[in-house]
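Trainee: below are the sequence and a predicted model for it; my questions follow.
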Amino acid sequence: MDELSPRPILDGELLRAFAAFAEVRNFSRAAKQVGLSQPALFERVKRLADHVGSPLYEKEGRTLKLTPTGVRIAAFARDMLTRAGRLTGELQGQTAESVTIAAGEGAYLYLLGPALSRFVASERALLRVLTRGGPSACEALQSGEAHLAVGVFDIVPRGLVAKDLLRAPLCAAFAPHHPLAKKRTVKLTELAGERLILAPEGQRQRDIVGRAVASLGVPVAPPVEADGWPIMLAFAAAGLGVAVVNGICRPTWGAVLRPIPELGEVTYRLLLRRDAPRSEALERLVALVQEETGRPRALE
């Protein structure tokens, strides 16, 4: 009889403790969230790691990072807590749900606004938003911290399913009086003599544009660093240089946007966890995002 019996289900209190830790990656802060002492929470996370037989987190410099096993356990823990909360609410006659979306600043500003507004106006569900770009949005989704993620994801990690939303060109942004403002499109060679406004080192946009300009084989001035589309557009409009931004950006601050065909396009995608439970509220939000982002968009 014992040989046929499955291993005991993971302890709910251990999962609750680890879910809190996974969200903040800090034992002291997580302990306060669940009303435990720091040593008590640390001990529960250790017991959970011993139970699954694998480390759940590791040090990366001065920070703590979830291991692949930790990511899976965190997602399982959050799913369990969500289901328990939903069942309790139903039994108590409370049917309100919550949905969490992870996306970058640019996606919220220039892409997701209409869909989120419609969702909040028509739903009883609570909407939580996490401002996470690129890999961080994927991590939030994989660990169960978010129910869906939106952004430019060139590689879709295993276990996630992607829905393409729209393709947008990479565009040059500059002041209205700039000579290139008269053109419909901009050639890469025309950026050779310009001072570029780029994202900080290590960001995807900086890598793409940097490699493309370097391929021209001509000297370039040190770039103006700006972190985020709004400040890049503001600097471009002020004449500090030429920014390269995704075509979803609205030409605010008086900036003019023109596509750079040689740099191609980026694809914005909506990601979901393949094995995660999907509530009615989540399905409605996904449908709204797909509907609103599928509408025709213009650069100006």
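Mentor: In hand now; what should we look at? Numbers count the residues shown, from 1 in each chain.

Trainee: going forward, measure contacts between C-alpha atoms and count neighbours the same way
Mentor: Fine.

Trainee: and the nearest residue to K163 once chain neighbours are set aside, what element?
Mentor: With C-alpha to C-alpha, 6 or more residues apart in numbering as the criterion, K163 has its nearest non-adjacent residue at 5.1 Å, and that residue is L270. Using DSSP states H and E, L270 falls within strand 265-273.

Trainee: and the residue nearest to K163, how far from L263?
Mentor: 23 Å (C-alpha to C-alpha, to the nearest Å).

Trainee: the two: which is more packed in?
Mentor: The residue with more neighbours, out of L270 and L263, is L270; 23 against 16, by other C-alpha atoms under 10 Å.

Trainee: what distance do you get for that one to G113?
Mentor: 15 Å.

Trainee: one step back: can you show me the CA trace of the strand holding L270 as CSV?
Mentor: Output of strand 265-273 as CSV, limited to C-alpha atoms (Å, rounded to 0.1, in the frame of the first residue of the first chain):
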residue,chain,number,x,y,z
GLU,A,265,10.6,45.8,-37.2
VAL,A,266,10.0,44.5,-33.7
THR,A,267,7.1,42.3,-32.7
TYR,A,268,5.1,42.9,-29.6
ARG,A,269,3.7,39.8,-28.0
LEU,A,270,1.5,38.7,-25.2
LEU,A,271,2.8,35.8,-23.2
LEU,A,272,0.9,33.4,-20.9
ARG,A,273,1.9,30.4,-18.9
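
Trainee: so where's the longest strand in this protein?
Mentor: Ranked by residue count under DSSP state E, the longest strand found in the chain is strand 160-174.

Trainee: dump the residue contacts of L240.
Mentor: R195, I197, V224 (C-alpha atoms under 8 Å, 6 or more residues apart in numbering).

Trainee: sketch out the strands for the protein, chain order is fine.
Mentor: Using DSSP E, strands in the chain cover 57-60, 63-66, 98-103, 126-131, 148-152, 160-174, 196-198, 224-225, 242-246, 256-259, 265-273.

Trainee: now for those, which one comes closest to R118?
Mentor: strand 126-131 (11.4 Å; C-alpha to C-alpha).

Trainee: quick one, helices of this structure?
Mentor: If DSSP state H is used as the criterion, the helices of the chain fall at 12-24, 27-34, 38-52, 68-91, 105-107, 113-122, 135-142, 204-214, 229-237, 280-293.

Trainee: which of those sits closest to K182?
Mentor: helix 229-237 (14.8 Å).

Trainee: please identify the buried residues of that closest one?
Mentor: Neighbour-count burial for helix 229-237, counted by 16 or more other C-alpha atoms under 10 Å, picks out W229, P230, M232, L233, A234, F235, A236, A237.

Trainee: any chance of these in a markdown table, plus pLDDT and distance to G144?
Mentor: Formatted as a markdown table, these follow (pLDDT from 0 to 100; distance: C-alpha to C-alpha, whole Å):
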| residue | pLDDT | distance to G144 |
| --- | --- | --- |
| W229 | 91 | 28 |
| P230 | 91 | 30 |
| M232 | 93 | 32 |
| L233 | 94 | 34 |
| A234 | 94 | 36 |
| F235 | 95 | 37 |
| A236 | 94 | 38 |
| A237 | 94 | 40 |
